[in-house]
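>>> Test case, fold it:
(chains A and B)
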Amino acid sequence: GEDVEQSLFLSVREGDSSVINCTYTDSSSTYLYWYKQEPGAGLQLLTYIFSNMDMKQDQRLTVLLNKKDKHLSLRIADTQTGDSAIYFCAGNSGNTPLVFGKGTRLSVIA
Amino acid sequence: DTEVTQTPKHLVMGMTNKKSLKCEQHMGHRAMYWYKQKAKKPPELMFVYSYEKLSINESVPSRFSPECPNSSLLNLHLHALQPEDSALYLCASSQGFEQYFGPGTRLTVT
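Residues are numbered from 1 along each chain as shown, chains lettered A, B, ... in the order given. Modelled structure (predicted):
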(Lines give C-alpha, C1' and ligand atoms only; values in the text may rest on other atoms or scores of the structure.)
Protein backbone atom coordinates (compact mmCIF):
# COMPACT_ATOMS: atom_id res chain seq x y z
CA GLY A 1 0.00 0.00 0.00
CA GLU A 2 0.86 3.65 -0.14
CA ASP A 3 3.37 5.03 2.33
CA VAL A 4 3.85 8.76 2.77
CA GLU A 5 6.79 10.25 4.66
CA GLN A 6 7.24 13.76 6.02
CA SER A 7 9.78 15.45 8.23
CA LEU A 8 8.16 16.06 11.63
CA PHE A 9 9.24 19.61 12.49
CA LEU A 10 10.11 22.86 10.75
CA SER A 11 10.90 26.20 12.35
CA VAL A 12 11.15 29.43 10.34
CA ARG A 13 11.29 33.16 11.03
CA GLU A 14 8.32 35.35 10.17
CA GLY A 15 8.68 36.71 6.64
CA ASP A 16 10.91 33.87 5.45
CA SER A 17 9.78 31.12 3.09
CA SER A 18 8.86 27.69 4.45
CA VAL A 19 9.33 24.50 2.47
CA ILE A 20 7.61 21.35 3.69
CA ASN A 21 8.58 18.11 2.01
CA CYS A 22 6.83 14.81 1.45
CA THR A 23 7.79 11.58 -0.27
CA TYR A 24 5.40 8.86 -1.32
CA THR A 25 5.78 5.31 -2.56
CA ASP A 26 2.72 4.69 -4.74
CA SER A 27 3.16 6.25 -8.17
CA SER A 28 -0.48 5.48 -9.00
CA SER A 29 -1.65 8.31 -6.72
CA THR A 30 -3.51 10.56 -9.09
CA TYR A 31 -4.13 13.42 -6.69
CA LEU A 32 -1.81 14.83 -4.06
CA TYR A 33 -3.00 17.24 -1.39
CA TRP A 34 -1.80 19.53 1.33
CA TYR A 35 -3.95 19.94 4.41
CA LYS A 36 -3.41 22.37 7.31
CA GLN A 37 -4.51 21.59 10.86
CA GLU A 38 -4.46 24.22 13.57
CA PRO A 39 -4.57 23.13 17.23
CA GLY A 40 -7.91 21.61 18.19
CA ALA A 41 -9.35 22.08 14.70
CA GLY A 42 -10.22 19.95 11.71
CA LEU A 43 -8.21 19.67 8.50
CA GLN A 44 -8.34 22.50 6.01
CA LEU A 45 -7.69 21.62 2.36
CA LEU A 46 -5.04 24.11 1.27
CA THR A 47 -4.26 22.99 -2.24
CA TYR A 48 -3.88 19.94 -4.44
CA ILE A 49 -2.01 18.92 -7.56
CA PHE A 50 -2.76 16.36 -10.23
CA SER A 51 -0.07 13.80 -10.92
CA ASN A 52 0.30 15.06 -14.49
CA MET A 53 1.37 18.51 -13.24
CA ASP A 54 4.80 19.65 -12.10
CA MET A 55 3.86 22.82 -10.30
CA LYS A 56 0.85 24.70 -9.02
CA GLN A 57 0.84 28.18 -7.54
CA ASP A 58 -1.96 29.66 -5.48
CA GLN A 59 -1.19 33.05 -3.89
CA ARG A 60 1.53 32.41 -1.25
CA LEU A 61 1.49 28.66 -1.82
CA THR A 62 3.57 26.80 -4.42
CA VAL A 63 3.35 23.05 -4.83
CA LEU A 64 6.11 21.22 -6.66
CA LEU A 65 5.82 17.60 -7.77
CA ASN A 66 8.79 15.52 -8.88
CA LYS A 67 7.22 12.31 -10.15
CA LYS A 68 10.53 10.65 -10.86
CA ASP A 69 11.65 11.00 -7.24
CA LYS A 70 8.06 10.72 -5.87
CA HIS A 71 8.65 13.96 -4.01
CA LEU A 72 6.06 16.61 -3.22
CA SER A 73 6.78 19.96 -1.60
CA LEU A 74 4.79 22.90 -0.33
CA ARG A 75 6.41 26.31 -0.28
CA ILE A 76 4.80 29.07 1.76
CA ALA A 77 6.10 32.52 0.84
CA ASP A 78 6.30 35.31 3.43
CA THR A 79 5.43 32.94 6.29
CA GLN A 80 3.25 34.50 8.98
CA THR A 81 2.57 33.49 12.59
CA GLY A 82 -0.91 32.41 11.48
CA ASP A 83 0.74 29.75 9.32
CA SER A 84 1.88 27.89 12.45
CA ALA A 85 0.10 24.54 12.28
CA ILE A 86 0.57 20.91 11.31
CA TYR A 87 0.71 20.30 7.57
CA PHE A 88 -0.27 16.91 6.18
CA CYS A 89 0.42 15.71 2.69
CA ALA A 90 -1.96 13.07 1.39
CA GLY A 91 -2.63 11.16 -1.79
CA ASN A 92 -5.32 9.11 -3.44
CA SER A 93 -6.74 8.06 -6.78
CA GLY A 94 -10.09 9.77 -7.14
CA ASN A 95 -12.61 8.47 -4.61
CA THR A 96 -10.20 6.03 -2.93
CA PRO A 97 -9.34 6.72 0.72
CA LEU A 98 -6.73 9.35 1.45
CA VAL A 99 -3.35 8.14 2.68
CA PHE A 100 -1.80 10.74 4.96
CA GLY A 101 1.77 11.48 5.90
CA LYS A 102 2.56 11.82 9.60
CA GLY A 103 2.41 15.60 9.43
CA THR A 104 4.99 18.40 9.72
CA ARG A 105 4.67 20.82 12.61
CA LEU A 106 5.53 24.30 11.35
CA SER A 107 6.55 26.84 13.99
CA VAL A 108 6.86 30.47 12.92
CA ILE A 109 9.07 32.64 15.09
CA ALA A 110 8.13 36.33 15.25
CA ASP B 1 -19.68 26.76 0.38
CA THR B 2 -17.34 23.96 1.42
CA GLU B 3 -18.61 23.51 4.94
CA VAL B 4 -18.93 20.27 6.86
CA THR B 5 -20.45 20.70 10.31
CA GLN B 6 -20.09 18.38 13.27
CA THR B 7 -21.84 18.23 16.62
CA PRO B 8 -21.09 18.20 19.44
CA LYS B 9 -17.74 19.98 19.51
CA HIS B 10 -16.75 18.22 22.73
CA LEU B 11 -18.14 15.07 24.35
CA VAL B 12 -17.28 13.38 27.63
CA MET B 13 -18.85 9.97 28.18
CA GLY B 14 -18.51 7.06 30.55
CA MET B 15 -17.75 3.55 29.39
CA THR B 16 -21.38 2.46 29.86
CA ASN B 17 -22.94 5.41 28.02
CA LYS B 18 -24.50 5.50 24.58
CA LYS B 19 -23.95 8.66 22.56
CA SER B 20 -23.95 9.76 18.92
CA LEU B 21 -21.78 12.06 16.84
CA LYS B 22 -23.40 13.94 14.00
CA CYS B 23 -22.06 15.27 10.73
CA GLU B 24 -23.83 17.31 8.07
CA GLN B 25 -22.94 18.70 4.66
CA HIS B 26 -25.07 20.50 2.08
CA MET B 27 -22.64 20.43 -0.83
CA GLY B 28 -24.38 17.53 -2.56
CA HIS B 29 -21.38 15.29 -1.91
CA ARG B 30 -22.19 11.60 -2.25
CA ALA B 31 -19.25 10.19 -0.29
CA MET B 32 -18.89 10.74 3.46
CA TYR B 33 -16.20 9.54 5.82
CA TRP B 34 -15.42 9.05 9.51
CA TYR B 35 -11.82 9.38 10.67
CA LYS B 36 -10.27 8.99 14.12
CA GLN B 37 -7.28 11.15 15.02
CA LYS B 38 -5.11 10.65 18.08
CA ALA B 39 -2.88 13.46 19.31
CA LYS B 40 0.10 14.23 17.06
CA LYS B 41 -0.93 11.54 14.56
CA PRO B 42 -2.54 11.71 11.11
CA PRO B 43 -6.23 10.86 10.74
CA GLU B 44 -7.05 7.16 10.45
CA LEU B 45 -9.92 6.14 8.21
CA MET B 46 -12.78 4.33 9.97
CA PHE B 47 -15.73 4.20 7.56
CA VAL B 48 -16.69 5.37 4.08
CA TYR B 49 -20.25 5.81 2.82
CA SER B 50 -20.84 6.12 -0.89
CA TYR B 51 -24.34 7.01 -2.07
CA GLU B 52 -25.62 6.33 1.44
CA LYS B 53 -24.25 2.79 1.50
CA LEU B 54 -21.34 1.63 3.63
CA SER B 55 -18.51 0.92 1.22
CA ILE B 56 -15.47 0.69 3.52
CA ASN B 57 -15.19 -0.47 7.14
CA GLU B 58 -11.57 -0.44 8.23
CA SER B 59 -11.98 -3.27 10.76
CA VAL B 60 -13.46 -0.90 13.31
CA PRO B 61 -14.74 -2.46 16.58
CA SER B 62 -18.51 -2.92 16.75
CA ARG B 63 -18.77 -0.45 19.62
CA PHE B 64 -18.63 2.14 16.81
CA SER B 65 -21.72 1.98 14.58
CA PRO B 66 -22.06 4.34 11.60
CA GLU B 67 -25.32 5.37 10.04
CA CYS B 68 -26.13 7.45 6.95
CA PRO B 69 -29.83 8.43 7.19
CA ASN B 70 -29.69 10.52 4.00
CA SER B 71 -27.24 12.04 1.58
CA SER B 72 -26.54 15.04 3.84
CA LEU B 73 -26.19 13.36 7.23
CA LEU B 74 -23.73 10.94 8.77
CA ASN B 75 -23.92 9.65 12.33
CA LEU B 76 -21.53 7.67 14.47
CA HIS B 77 -23.21 5.80 17.31
CA LEU B 78 -21.01 5.03 20.29
CA HIS B 79 -21.60 2.37 22.93
CA ALA B 80 -19.42 0.78 25.60
CA LEU B 81 -16.32 2.70 24.57
CA GLN B 82 -12.93 2.31 26.17
CA PRO B 83 -10.62 5.09 27.43
CA GLU B 84 -8.28 4.42 24.47
CA ASP B 85 -11.13 5.51 22.16
CA SER B 86 -10.60 9.08 23.36
CA ALA B 87 -9.62 11.05 20.25
CA LEU B 88 -10.71 13.70 17.77
CA TYR B 89 -13.36 12.25 15.44
CA LEU B 90 -13.40 13.89 12.05
CA CYS B 91 -16.07 13.72 9.40
CA ALA B 92 -15.32 14.47 5.75
CA SER B 93 -17.21 14.53 2.48
CA SER B 94 -16.25 14.47 -1.17
CA GLN B 95 -17.67 14.55 -4.66
CA GLY B 96 -14.82 13.61 -6.91
CA PHE B 97 -11.35 13.91 -5.53
CA GLU B 98 -11.40 16.79 -3.02
CA GLN B 99 -12.24 15.80 0.56
CA TYR B 100 -13.49 18.48 2.91
CA PHE B 101 -13.27 17.97 6.65
CA GLY B 102 -15.43 19.13 9.50
CA PRO B 103 -13.98 20.68 12.67
CA GLY B 104 -14.22 17.40 14.57
CA THR B 105 -15.67 16.20 17.85
CA ARG B 106 -13.21 15.91 20.72
CA LEU B 107 -14.28 12.74 22.56
CA THR B 108 -13.10 11.85 26.04
CA VAL B 109 -14.05 8.46 27.49
CA THR B 110 -13.80 8.26 31.27
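>>> Can you tell me which residues in chain A are near chain B?
By CB under 8 Å from any CB of the partner chain, the residues of chain A that approach chain B are A:30-31, A:33, A:35, A:40-45, A:48, A:88, A:92, A:94-95, A:97-98, A:100-103. Where you see a C-beta, it was placed from the backbone N, CA and C, and this is true even at glycine.
>>> which among the residues you listed end up buried?
Buried subset of these (neighbour count, 16 or more other CB atoms under 10 Å in any protein chain shown): A:31, A:33, A:35, A:41-43, A:45, A:48, A:88, A:92, A:97-98, A:100-103.
>>> what is residue B:101 paired to in the beta sheet?
On the basis of DSSP bridges, residue B:101 is bridged to residue B:92.
>>> just the one 4 residues further on next, same as before
Residue B:105 has these beta-bridge partners by DSSP bridges: residue B:89.
>>> All the strands of chain A, residue numbers only.
Along chain A, counting by DSSP state E, strands occupy A:4-6, A:9-13, A:18-24, A:31-37, A:43-50, A:55-58, A:61-66, A:71-76, A:85-92, A:99-100, A:104-109.
>>> mind giving me JSON lines with these and columns for mean pLDDT?
JSON lines is the format used below for the strands of chain A (pLDDT from 0 to 100):
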{"stretch": "strand A:4-6", "mean pLDDT": "88"}
{"stretch": "strand A:9-13", "mean pLDDT": "96"}
{"stretch": "strand A:18-24", "mean pLDDT": "94"}
{"stretch": "strand A:31-37", "mean pLDDT": "95"}
{"stretch": "strand A:43-50", "mean pLDDT": "94"}
{"stretch": "strand A:55-58", "mean pLDDT": "95"}
{"stretch": "strand A:61-66", "mean pLDDT": "96"}
{"stretch": "strand A:71-76", "mean pLDDT": "96"}
{"stretch": "strand A:85-92", "mean pLDDT": "94"}
{"stretch": "strand A:99-100", "mean pLDDT": "91"}
{"stretch": "strand A:104-109", "mean pLDDT": "97"}
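>>> out of the ones you listed, nearest to residue B:74?
Nearest to residue B:74 among the strands of chain A is strand A:43-50; the distance by CB to CB comes to 16.2 Å.
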